[in-house]
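Q: sequence and computational prediction follow.
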There are 2 protein chains.
Amino acid sequence: MAAIIDANSVGIVTPQKMVHDAPFTLASSKQLPGYTLAYETYGELNSQKSNAILICHALSGNAHAAGFHSLDKKPGWWDNFIGPGKIIDTSRFFVVATNNLGGCDGSTGPLSTDPETGRVYGPDFPGVRVRDWVETQHHLMEYLELDSWVAVIGGSLGGMQVMRWALNYPDKVKHSVIMASSMKLTTQNIAFNETARTAIMSDDAFHDGRYLENNTLPQKGLSLARMIGHLTYLSDDGMDKKFGRELRSGSFKLGQDSAIEFQIASYLHYQGGKFSTQFDANSYILMTTALDFFDLAREYNDDPVAAFSHATCDFLILSFSSDWRFSPERSKEIVDALIAANKSVVYTDIESTAGHDGFLLHNPRYESVFGAYMDRVYQTVLTASCGVPQ
Amino acid sequence: MAAIIDANSVGIVTPQKMVHDAPFTLASSKQLPGYTLAYETYGELNSQKSNAILICHALSGNAHAAGFHSLDKKPGWWDNFIGPGKIIDTSRFFVVATNNLGGCDGSTGPLSTDPETGRVYGPDFPGVRVRDWVETQHHLMEYLELDSWVAVIGGSLGGMQVMRWALNYPDKVKHSVIMASSMKLTTQNIAFNETARTAIMSDDAFHDGRYLENNTLPQKGLSLARMIGHLTYLSDDGMDKKFGRELRSGSFKLGQDSAIEFQIASYLHYQGGKFSTQFDANSYILMTTALDFFDLAREYNDDPVAAFSHATCDFLILSFSSDWRFSPERSKEIVDALIAANKSVVYTDIESTAGHDGFLLHNPRYESVFGAYMDRVYQTVLTASCGVPQ
């Protein structure tokens, strides 16, 4: 079955690649001899180049944020929000989405061949930190001959990239939109990541990350890691409303010893199994480790106000009431620091039972606040186009 | 190093066993040809037999609730609360603790030999439900020639046994003490259990539960299951206070690509590893499945008020503010149903950062409320001893 493409879709999109053929030194000091960044664009860049938006993806995202690849049935991961007439309106904005370095969907990562050894990197791919992604996105910016982003937008791990952009390239970002994110992981967040990584590494097929050379894949471990992740993406209430204690098979009845399967169990196994065929285990370890490392204010004496004092853009911060992975408290900490640093910030906590996944899903209040802010971003585009200094 | 036994300890205790050598039909209709129940007792039964207390253990507990086995360095799992002069005062009460049927610490379970086949039960051990434990505890009551419990006490899964006692044997329970428990699991609780079971079953050494016959143990899977469990035993705040983002090894510094290990990761691996050498994987699956099945009001048209209308005892319900496994909301549901059923109930939510583990740990407010209630339980003993009808 081919895609059903309506008037609000960006339609068929073509995956693109930037080849950066100079050495690239990572935050860890390790060097890549060069790298490829997969990206996609939606909408048209205006003549003043003032309408470019960068979308930063979360843990397991990719460059395919909207529209359809020729034969796909399903659109990109944020198609709900990106398209003509949608919140991130491609009739107004030129939207750029990348696959993060170290990922497994077109950009150089553990699945790539190390040109120096001729072998797959696998577990030898160097550790990547959020700031490295910002650097590669900055390379792409230069490659696309852009001077600035009118907005950098991302949820969760994507939001961390947005914050890093605002601090490291303050003159190149007009608006930062950060949803369901955090300035650093809590101990509990780290505990979940560690448990997920342990699931992968405990799989006998993992072979210390050299599964490809062993002609195998740690699918059971990766599936389990994804199940552990999913526990944190949904809220208690949301799970209860969607699945309750409904059984898919078996019976609670007395006098029976049949196995039972809950609907929620079936859902988790389905999500885990699907993911384990689509994602790379070494990339999963790399991405969760980048999350663990991220600490926005570390090099500013652990003072978020001092950190954000370097930013010059305006901010929209959004949290979701039932998100317990990055709870509204985490967003409020960002907002408090921004206010103390005397920055322009709009903040709303969106009432939702969708948990951490809330930033990906339709929600009238979310779309109303996010949409109003994107109108404001568009005003920045129009103002720039009139030559009015900002 | 031998045990350090002080005046508030029940001292050296001897593990005991009840052999029930008649067939026992489980709630599932499956029959065991007979079974053994491991138990311990602390304190002395009075002449009126009016001071007996039953302790029901949680998921991974056992009959060794207090005191020391001869060479142990560490006392039983609830030694903080059971002993002469302690909250459950063994100079007042005769305290009985069992290892649940299907467990792996002395009672018949998956590690036992099926007398009908001469083989280890392993995964063929029949499913056990909370009501089956109550039946075996009732067998023990008869074996010990007791007519009633002045109190049945338990936390978490133990609290579910207490509720079942109150409903199924109302004339044999004077007081029910239920902490950190729930009338049924939430969807999220089930999701965590399913993920933990999947961790065990994904271990290649599991062999569909026949690991003993394969001369192996699914220790990696069981360790991971315990890590997943631990995520829910501690609170976000408690983890943060205890471990924060402290590193055990490695460094966050820029310019370094060394591996890092967080203290929380080290803690989880230690807990998982230790557990995987002490507990049986099939028992873990059995216990978590019993949790999933438990639904106090199911056979009362899903009406908890109708369920509790069968109880005649007094109730103490305790919850812990930071417990997100069985949150205070779950306890309040129990309390609301008890009040609507016109039962005598005392309820307190204990302010604590200890999460679900709160019921096992010292806490002045907890001990004050629990202690005051145990004084009331002792009044019931004294009243019975004076021959005053209750």
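A: Structure's in. What do you need?
Q: what's the longest helix seen in chain A in contact with?
A: Longest helix in chain A, counting residues (DSSP state H): helix A:364-385. Outside helix A:364-385, the residues that touch it by Cβ atoms under 8 Å, 6 or more residues apart in numbering or on different chains are A:46, A:48, A:50-51, A:53, A:81, A:87-89, A:92-93, A:150-151, A:174-175, A:177, A:179, A:314, A:316, A:318, A:320, A:346, A:348, A:350-352, A:358-359, A:390. (C-beta placed from N, C-alpha, C; glycine too.)
Q: ok, stretch A:343-351 next?
A: A:308, A:311, A:314-321, A:328, A:331-332, A:335, A:338-339, A:358, A:363, A:365-366, A:369, A:373.
Q: now a ChimeraX select for only the buried ones of those.
A: For the buried members of the contacts of stretch A:343-351, the matching ChimeraX selection, counting by 16 or more other Cβ atoms under 10 Å in any protein chain shown, is:
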select /A:308,311,314,315,316,317,318,319,320,321,328,331,335,338,358,363,366,369,373
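Q: helix or strand: which one has the residue in the stretch 1-150 of chain A that chain B sits nearest to?
A: Residue of the stretch 1-150 of chain A nearest chain B, by Cβ to the nearest Cβ: residue A:28 (3.5 Å). Element membership for residue A:28 (DSSP states H and E) is empty, with no helix or strand holding it.
Q: for the longest helix of chain A, buried residues please.
A: Judged by neighbour count using 16+ other Cβ under 10 Å, the buried positions of helix A:364-385 are A:366-367, A:369-370, A:373-374, A:377-378, A:380-381, A:384.
Q: now do stretch A:10-20
A: A:10-11, A:13, A:16, A:18, A:20.
Q: so which of these are in strands?
A: A:16, A:18, A:20 (DSSP state E).
Q: who's in contact with residue A:126?
A: Shown in contact with residue A:126 (Cβ under 8 Å, 6+ apart): A:26, A:28, A:30, A:32, B:257.
Q: now the closest residue in space to it that isn't next to it in sequence: phi and psi?
A: Nearest residue to residue A:126, sequence neighbours excluded (Cβ to Cβ, 6 or more residues apart in numbering or on different chains): residue A:30, at 3.7 Å. Main-chain torsions, residue A:30, degrees, to the nearest 10: phi -70, psi 150.
Q: just read off the phi/psi values of the nearest residue to residue A:98 once chain neighbours are set aside.
A: In this structure, residue A:98 finds its nearest non-sequential neighbour in residue A:39, 4.5 Å apart by Cβ to Cβ, 6+ apart. In terms of degrees, to the nearest 10, the main-chain angles of residue A:39 are phi -150, psi 170.
Q: kindly report the same for the one 3 residues further on.
A: For residue A:42, the backbone dihedrals (degrees, to the nearest 10) come out as phi -130, psi 140.
Q: contact partners for the residue nearest the centre of chain A?
A: Residue closest to the mean C-alpha point of chain A, counted by Cα atoms, centre = their mean, is residue A:58 at 1.5 Å. By Cβ under 8 Å, 6+ apart, the residues touching residue A:58 are A:154-158.
Q: now, which of the residues you listed lie within helices?
A: A:157-158.
Q: write the PyMOL selection for whichever of the contacts of residue A:58 are buried.
A: Typed into PyMOL, the next command selects the buried ones out of these (criterion: 16+ other Cβ under 10 Å):
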select buried, chain A and resi 154+155+156+157+158
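Q: what's the closest of the contacts of residue A:58 to residue B:189?
A: Among the contacts of residue A:58, residue A:156 lies closest to residue B:189 (Cβ to Cβ), at 24.5 Å.
Q: how close does that closest one get to residue B:255?
A: When Cβ to Cβ, to the nearest Å is the yardstick, residue A:156 and residue B:255 sit 27 Å from each other.
Q: ditto for residue A:345
A: From residue A:345 to residue B:255 the distance is 32 Å (Cβ to Cβ).
Q: which residue does the stretch 201-350 of chain A bring closest to chain B?
A: Here the residue of the stretch 201-350 of chain A nearest chain B is residue A:257; by Cβ to the nearest Cβ that distance is 3.6 Å.
Q: could you look up the SS state of residue A:101?
A: coil (DSSP: H, G, I helix; E, B strand; the rest coil).
Q: show me what contacts it?
A: A:35, A:37, A:107-109, A:128, A:132-133, A:136.
Q: and residue A:200, how many residues sit next to it?
A: Neighbour count of residue A:200, defined by other Cβ atoms under 10 Å in any protein chain shown: 26.
Q: element containing it?
A: Residue A:200 belongs to helix A:187-202 when elements are defined using DSSP H and E.
Q: tell me which residues of that helix are tucked away?
A: Judged by neighbour count using 16+ other Cβ under 10 Å, the buried positions of helix A:187-202 are A:187-202.
Q: need the max-distance pair from the buried residues of stretch A:10-20.
A: A:11 and A:20 (28.4 Å).
Q: show me where the stretch 51-200 of chain A has its strands.
A: A:52-56, A:82-83, A:88-89, A:94-98, A:151-155, A:175-179 (DSSP state E, counting those that start in this stretch).
Q: make CSV from these and add mean pLDDT to it.
A: Below are those laid out as CSV (pLDDT from 0 to 100):
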stretch, mean pLDDT
strand A:52-56, 98
strand A:82-83, 98
strand A:88-89, 98
strand A:94-98, 98
strand A:151-155, 98
strand A:175-179, 98
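Q: need those in TSV (columns: distance to residue B:65).
A: Shown next, in TSV, are those (distance: least, Cβ to Cβ, whole Å):
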stretch	distance to residue B:65
strand A:52-56	52
strand A:82-83	59
strand A:88-89	59
strand A:94-98	57
strand A:151-155	47
strand A:175-179	48
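Q: could you chop chain A up by domain?
A: A:16-185+A:297-385, A:192-288 (automatic domain parsing).
Q: ends of the last one, how far apart?
A: In this case it means domain A:192-288. With Cα to Cα, to the nearest Å as the measure, the ends of domain A:192-288 fall 10 Å from one another.
Q: kindly report the same for the first one.
A: End-to-end distance of domain A:16-185+A:297-385 (Cα to Cα): 28 Å.
Q: distance between it and the chain's centre?
A: 7 Å (Cα atoms, centre = their mean, to the nearest Å).
Q: do the same with the last one
A: For domain A:192-288, the distance from its own C-alpha centre to the chain's C-alpha centre is 20 Å (Cα atoms, centre = their mean).
Q: then stretch A:279-298?
A: 12 Å.
Q: can that stretch be found next to chain B?
A: Yes - contact of stretch A:279-298 with chain B (Cβ under 8 Å from any Cβ of the partner chain) involves A:292-293, A:295, A:298.
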